[in-house]
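**Student:** when you get a sec, could you give me coordinates for this:
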Amino acid sequence: SSDSHILFDQALKHWLTINVLKLKTQVMCKRKSFFPQLIKSVIFIIIILNLNACINDSNKESEGNFGPKVVSPEQARPAGQTDVIELRAKPIDTVRMAIIGLGMRGQGAVHRYNFLDGVKIVALCDVVPENLDKAQKTLIDAGKPNADLYSGAEDWKKICERDDIDLVYVCTHWDLHTPIAVYAMEQGKHVATEVPAALTLDECWQLVNTAEKTRKHCMQLENCNYDFFEMATLNMVQKGLFGELVHGEGAYIHDLRWLNFDEENGYWNMWRLKHLEKEDGNTYPTHGFGPICHAMNIHRGDKMEYLVSVSSDQYGMTAYAKDKFGENSEYAKTDYAKGDMNTSIVKTTKGKTIMIQHDVTSPRPYSRIHMLSGTKGFAQKWPIKGLAFDPDGHSFLTEEKMDSMLTLYEHPITKEVGQKAREVGGHGGMDFIMDYRLIYCLRNGLPLDQDVYDAAEWSSIIQLSRISVENKGMPVQVPDFTRGAWEKVKTVSYFN
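**Tutor:** Numbering: from 1, shown residues only. Below you'll find the predicted structure:
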């Protein structure tokens with residue numbers, strides 16, 4: 001190390017000083033031992049210099065190797081396979097779809113799709129019979145045809161194998177997202193899967209390779225990209241109001257303790273709590289991350305280079321469990337791996353930075369931050385919504401001026417469908433806009449707003465952050481899932 005190198009130099013100087021004085025004394029006294037002592041000293045100095053050179057080489061090697069660690073080597077693209085950047089598929093006049101997973105998200109999807117033209121729900125699947133009955137009733141109440149119902153644990157495979165389905169819409173627990181998506185594409189279906197699309201780097205590569213091989217769409221259902229403020233600020237970015245975008249911040253800060261510990265009305269089989277028991281890092285990155293990545297044109301002219309991540313220790317889950325269930329309860333005694341707050345920072349190839357946070361165990365107001373900072377302007381949604389621009393960037397615009405700017409730069413898509421989205425609902429309307437765009441693009445043979453590389457990149461943060469946290473914030477390289485195609489296009493496009 002550099003410290004040992006300094007100590008070594010100091011010791012060598014000290015030794016040389018003493019021995020030079022000895023030799024000088026021997027010469028002055030004309031001792032016979034002078035020449036043997038001189039030879040010994042010369043030999044010793046040669047040995048010392050060689051050792052010193054080795055230390056220098058070692059230090060140089062260490063300095064050269066201090067870079068992001070490759071934890072997922074880029075996989076070679078199979079022969080005959082090409083990228084799916086801005087993939088276009090054959091237009092589908094009426095999209096026949098199946099919804100797999102009818103918990104919280106799935107039930108909402110069944111409701112929303114009753115308000116969309118050019119789509120028909122032909123199959124529903126869930127392991128809980130009551131969920132199937134509820135979803136079927138939603139269709140009947142809306143005057144829609146009954147869907148075929150599936151309730152077996154492996155029945156999702158039967159759905160994927162049907163030849164009268166165009167789109168498989170996945171709303172299960174996280175662990176099934178990739179297996180269903182991959183199998184559906186292999187059976188010739190387009191896929192839209194809830195977030196996160198994948199849990200591991202291997203699953204990310206599975207999605208990419210299968211989408212490229214089958215030439216089928218694989219969209220991660222990141223609804224936050226379609227929220228009104230995020231869409232407006234994306235429009236501002238693309239029209240140059242922020243100048244060069246340099247930094248962005250996103251988050252998922254959402255107190256979910258009450259839901260994670262709810263055995264009756266919470267997540268099926270307590271699946272989300274089990275993830276908090278097993279895994280640290282950012283386990284749910286995409287809500288805050290996706291809109292920032294689109295604003296920064298990730299894999300459309302820039303790409304993520306490396307990530308560093310740290311987590312606080314875990315306090316919140318245990319404290320909540322003790323208060324709610326008692327100190328001797330099983331929940332209070334459980335060792336939860338997930339630190340309360342995770343903070344990850346991504347550096348891009350073009351020198352931009354993105355900060356992402358995750359906290360679902362603290363009594364904090366909800367926030368996805370959504371902050372964009374450029375050379376000419378600034379935007380932030382939480383905790384205080386505001387816009388600022390040169391030459392008065394030191395202060396936010398007044399609320400009146402901000403509203404005027406948001407109206408002026410409202411995204412064309414929210415102008416088109418925003419009012420209906422608010423009426424139908426789904427997190428304030430953004431869920432409906434997401435579904436509308438998915439069906440619109442499939443019906444018109446257009447590239448989807450979010451592609452399989454988005455799904456892989458945003459989901460890869462889960463394992464990458466965990467590896468970095470486990471190694472005290474070690475930089476880890478973010479794989480290039482496009483395998484060099486990230487410069488093929490230069491900006492994110494929402495096609496019309």
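
**Student:** now do the contacts for V128.
**Tutor:** By C-beta atoms under 8 Å, 6 or more residues apart in numbering, V128 lies in contact with 102-103, 151, 268. Backbone N, C-alpha and C define where each C-beta goes, glycine included.

**Student:** now it: how far from G428?
**Tutor:** 27 Å (C-beta to C-beta, to the nearest Å).

**Student:** ok, now G188?
**Tutor:** 35 Å.

**Student:** the nearest residue to L259 once chain neighbours are set aside: helix or strand, and which one exactly?
**Tutor:** Spatial nearest neighbour of L259, excluding adjacent residues (C-beta to C-beta, 6 or more residues apart in numbering): G266 at 4.9 Å. In this structure, G266 sits in neither a helix nor a strand according to DSSP states H and E.

**Student:** for G266, give me phi and psi.
**Tutor:** phi -90, psi -150 (degrees, to the nearest 10).

**Student:** OK, contacts around it?
**Tutor:** With contacts defined as C-beta under 8 Å, 6+ apart, G266 is in contact with 259-260, 272-273.

**Student:** take those and keep only those in helices.
**Tutor:** Among the contacts of G266, the ones falling in helices (DSSP state H) are 259-260, 272-273.

**Student:** buried among these? Make that a PyMOL selection.
**Tutor:** Buried subset of these, written as a PyMOL selection, criterion 16 or more other C-beta atoms under 10 Å:
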select buried, resi 260+272+273
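
**Student:** which one of the ones in helices among the contacts of G266 is nearest to K69?
**Tutor:** R272 (29.4 Å; C-beta to C-beta).

**Student:** the closest one - nearest residue in space that isn't next to it in sequence?
**Tutor:** N260 (5.6 Å).

**Student:** just the pLDDT for that neighbour.
**Tutor:** Model confidence at N260, given as pLDDT, is 97.

**Student:** now do F66
**Tutor:** For F66, pLDDT reads 71.

**Student:** could you find the closest non-adjacent residue to P68?
**Tutor:** Y306 (3.6 Å).

**Student:** would you check that the one you found makes contact with K347?
**Tutor:** Yes: assessed by C-beta atoms under 8 Å, Y306 is found in contact with K347 at 5.6 Å.

**Student:** between the two, point out the one with more neighbours.
**Tutor:** Y306 (20 against 17; other C-beta atoms under 10 Å).

**Student:** check which helices and strands the helix or strand containing that one sits against.
**Tutor:** Using DSSP H and E, Y306 sits in strand 304-311. Judged by 3 or more C-beta pairs under 8 Å, 6 or more residues apart in numbering; DSSP states H and E, the packing partners of strand 304-311 are strand 342-348, helix 452-470, strand 476-477.

**Student:** among those, which is the most enclosed?
**Tutor:** When the helices and strands packed on strand 304-311 are scored by mean count of other C-beta atoms under 10 Å, the highest mean neighbour count falls to helix 452-470 (a mean of 26).

**Student:** tell me how far that one lies from the chain's centre.
**Tutor:** Helix 452-470 has its average C-alpha position 5 Å from the chain's average C-alpha position, going by C-alpha atoms, centre = their mean, to the nearest Å.

**Student:** please work out the angle formed by the directions of that helix and strand 304-311.
**Tutor:** For helix 452-470 against strand 304-311, the angle by axes from the mean of the first three to the mean of the last three C-alpha atoms, to 10 degrees is 40 degrees.

**Student:** helix 452-470 - what's its average pLDDT?
**Tutor:** 98.

**Student:** just the CA trace of it, in CSV.
**Tutor:** C-alpha atoms of helix 452-470 as CSV (Å, rounded to 0.1, in the frame of the first residue of the first chain):
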residue,chain,number,x,y,z
VAL,A,452,-36.7,-4.7,-22.8
TYR,A,453,-33.4,-2.9,-22.2
ASP,A,454,-35.2,-0.4,-19.9
ALA,A,455,-36.6,-3.4,-18.1
ALA,A,456,-33.2,-5.0,-17.7
GLU,A,457,-31.3,-1.8,-16.8
TRP,A,458,-33.7,-0.6,-14.2
SER,A,459,-34.2,-4.0,-12.6
SER,A,460,-30.4,-4.7,-12.6
ILE,A,461,-30.1,-2.1,-9.8
ILE,A,462,-31.5,-4.7,-7.4
GLN,A,463,-28.6,-7.1,-7.5
LEU,A,464,-25.9,-4.5,-8.4
SER,A,465,-26.8,-2.4,-5.3
ARG,A,466,-26.8,-5.5,-3.1
ILE,A,467,-23.4,-6.6,-4.3
SER,A,468,-22.0,-3.1,-3.7
VAL,A,469,-23.5,-2.9,-0.2
GLU,A,470,-22.1,-6.3,0.7
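
**Student:** what's in contact with the strand holding Y306?
**Tutor:** Contacts for strand 304-311 (C-beta under 8 Å, 6+ apart): 67-68, 280-282, 298, 338-349, 354, 457, 461, 464-466, 468-469, 472-478.

**Student:** between it and strand 342-348, how many degrees?
**Tutor:** 160 degrees.

**Student:** off-centre distance for the following helix or strand past strand 304-311?
**Tutor:** Where DSSP H and E defines the elements, the next helix or strand beyond strand 304-311 is helix 316-325. On the basis of C-alpha atoms, centre = their mean, helix 316-325 is displaced by 29 Å from the centre of the chain it belongs to.

**Student:** now do helix 316-325: which elements does it pack against?
**Tutor:** helix 257-260, helix 330-333.

**Student:** which one of those is the most hemmed in?
**Tutor:** Among the helices and strands packed on helix 316-325, highest average neighbours (mean count of other C-beta under 10 Å) belong to helix 257-260, with a mean of 17.

**Student:** what's it packed up against?
**Tutor:** Helix 257-260 packs on helix 271-278, helix 316-325, going by 3+ C-beta pairs under 8 Å, 6+ apart.

**Student:** helices or strands up against the first one?
**Tutor:** So that's helix 271-278. Judged by 3+ C-beta pairs under 8 Å, 6+ apart, helix 271-278 is in contact with helix 257-260.

**Student:** ramachandran angles for V168?
**Tutor:** phi -110, psi 120.

**Student:** P91 is nearest to which of the helices and strands packed on helix 257-260?
**Tutor:** Across the helices and strands packed on helix 257-260, closest to P91 is helix 271-278 (C-beta to C-beta), at 37.1 Å.

**Student:** what angle separates the closest one from helix 316-325?
**Tutor:** Going by the same axes, to 10 degrees, helix 271-278 makes 120 degrees with helix 316-325.

**Student:** next, the buried residues of helix 271-278.
**Tutor:** Those would be 271-273, 275-276, for helix 271-278 by 16+ other C-beta under 10 Å.

**Student:** then stretch 85-95?
**Tutor:** Buried-residue list, stretch 85-95, by 16+ other C-beta under 10 Å: 85, 87, 89, 92, 95.

**Student:** quick one, strands of the stretch 101-250 of the chain?
**Tutor:** Secondary structure of the stretch 101-250 of the chain by DSSP state E, counting those that start in this stretch: the strands cover 119-125, 148-150, 167-170, 190-193, 218-220, 245-253.
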